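Novice: Model the structure of this input:
(one chain, ligands or ions: 3)
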Amino acid sequence: MKNIIKEILLTEDQITARIKELGRMITEDYKGKNLMLVGILKGAVIFMAELAKNIDMPVLMDFMAVSSYGKSSTSTGIVRIVKDLDCSVEDKDILIVEDIIDTGLTLSYLTDNLKKRRAKSVKIVTLLDKPERRKTEVPVDYIGFKIPDEFVVGYGLDYAEQYRNLPYVAALKEGVYSSKTDNVVF
Ligand code: PRP
Ligand code: MN
Ligand code: MG
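Specialist: Ligands and ions are numbered 1, 2, ... in the order given. Sure thing, here's the model as predicted:
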C-alpha cells in the first residue's frame, strides 16, 4: 500500500500517545457525569475504539451515520441521518467523536440536532482538524492534531472507501486520486 502514499503525517506512535492524553483529559472533565460517546460512522470507528479504551470511567457508546448532499465545494450543509442512535440522549453528556473536521457542516448539523433532543451537554472530540477548510464555525472541545489542507487517509479516514485500516495518517500521492473521475489509480 506504501506506493500510494506521499508522506506519513502522523505515525502510529504519535497518534496513540495523543489519544492517551485526550483520554486523560476527558476522564478528568467528565467526572460524575453521564458520558455517552457518539461515533460518526464510518470514519470515527478506529479513533473511537482507541479513545474509549483510554477513558477511565463507565461510558456509553453509540453511533450515527450521516450523508451530506454534495461534498466539497458544492456542499450545502444539508445532512441526512442514515443511521440514528439506538439510545436516547436525554440527560446524557454527549461527546461526539469524529475522525476529521473539514468544512464543519456535518458537526454543526449534528450538534444542533442532538441539543434539540435535550441532551444535557454536547461536546466534540476530533482526531484531526483542517481549520483552513472551515465553512461554518463549530466549537471543537478536544482536537488531536491540526493538519494542513491535504488529502489524508488512514486511521479511519478513507479515499473512495479504501485505506481506513492504515494504522497511521498519510497524505495520498497526487495522481492517486482524481477529483473528476473519483477513481483510484494504482
Ligand atoms: C468525513 C469525515 C467527517 C466529515 C467531515 O466523512 O469522517 O465525518 O466528512 O466533513 P465536514 O466537516 O466537511 O462536514 P465522510 O462523509 O467522508 O464519511 P465516512 O466517515 O464514512 O468516510
Ligand atoms: Mn465521517
Ligand atoms: Mg469519507
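
Novice: so how far does stretch 92-106 reach from one end to the other?
Specialist: With Cα to Cα, to the nearest Å applied, stretch 92-106 spans 21 Å between its terminal residues.

Novice: Buried ones in it, by neighbour count?
Specialist: 92-106 (16 or more other Cβ atoms under 10 Å). The C-beta positions use only the backbone N, C-alpha and C, and glycine is treated the same way.

Novice: out of the residues you listed, which touch ligand 1?
Specialist: Restricting these to those touching ligand 1 (Cβ under 6 Å from any ligand atom) yields 98, 99, 100, 101, 102, 103, 104, 105, 106.

Novice: Make a markdown table out of those residues and add pLDDT.
Specialist: Shown next, in a markdown table, are these (pLDDT from 0 to 100):
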| residue | pLDDT |
| --- | --- |
| 98 | 98 |
| 99 | 98 |
| 100 | 98 |
| 101 | 97 |
| 102 | 95 |
| 103 | 94 |
| 104 | 95 |
| 105 | 93 |
| 106 | 94 |
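
Novice: which one of those residues sits closest to residue 147?
Specialist: Nearest to residue 147, judged by Cβ to Cβ, of those is residue 100 at 8.2 Å.

Novice: quick one, what contacts that closest one?
Specialist: Counting by Cβ atoms under 8 Å, 6 or more residues apart in numbering, residue 100 touches 43, 126, 127, 128, 129, 130, 152, 157.

Novice: Could I get the ones next to ligand 1 among the buried residues of stretch 92-106 in CSV, plus columns for distance to residue 6 and secondary structure?
Specialist: As requested, those are exported to CSV (distance: Cβ to Cβ, whole Å; DSSP: H, G, I helix; E, B strand; the rest coil):
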residue, distance to residue 6, secondary structure
98, 24, strand
99, 19, strand
100, 17, strand
101, 22, strand
102, 19, coil
103, 23, coil
104, 25, coil
105, 27, helix
106, 26, helix
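
Novice: How many residues are close by the closest residue to residue 53 other than its chain neighbours?
Specialist: Of all residues not flanking residue 53 in the chain, residue 23 sits nearest, at 7.6 Å (Cβ to Cβ, 6 or more residues apart in numbering). Residue 23 has 19 neighbours, counted by other Cβ atoms under 10 Å.

Novice: Report the secondary structure state of residue 23.
Specialist: What DSSP: H, G, I helix; E, B strand; the rest coil gives for residue 23 is helix.

Novice: Surely it is in contact with residue 51?
Specialist: Yes. If you go by Cβ atoms under 8 Å, residue 23 and residue 51 touch, sitting 6.0 Å apart.

Novice: residues in contact with the residue lying closest to residue 103 once chain neighbours are set aside?
Specialist: If the residues on either side of it in the chain are set aside, residue 103 comes closest to residue 135, at 4.1 Å by Cβ to Cβ, 6+ apart. With contacts defined as Cβ under 8 Å, 6+ apart, residue 135 is in contact with 75, 77, 103, 104, 105.
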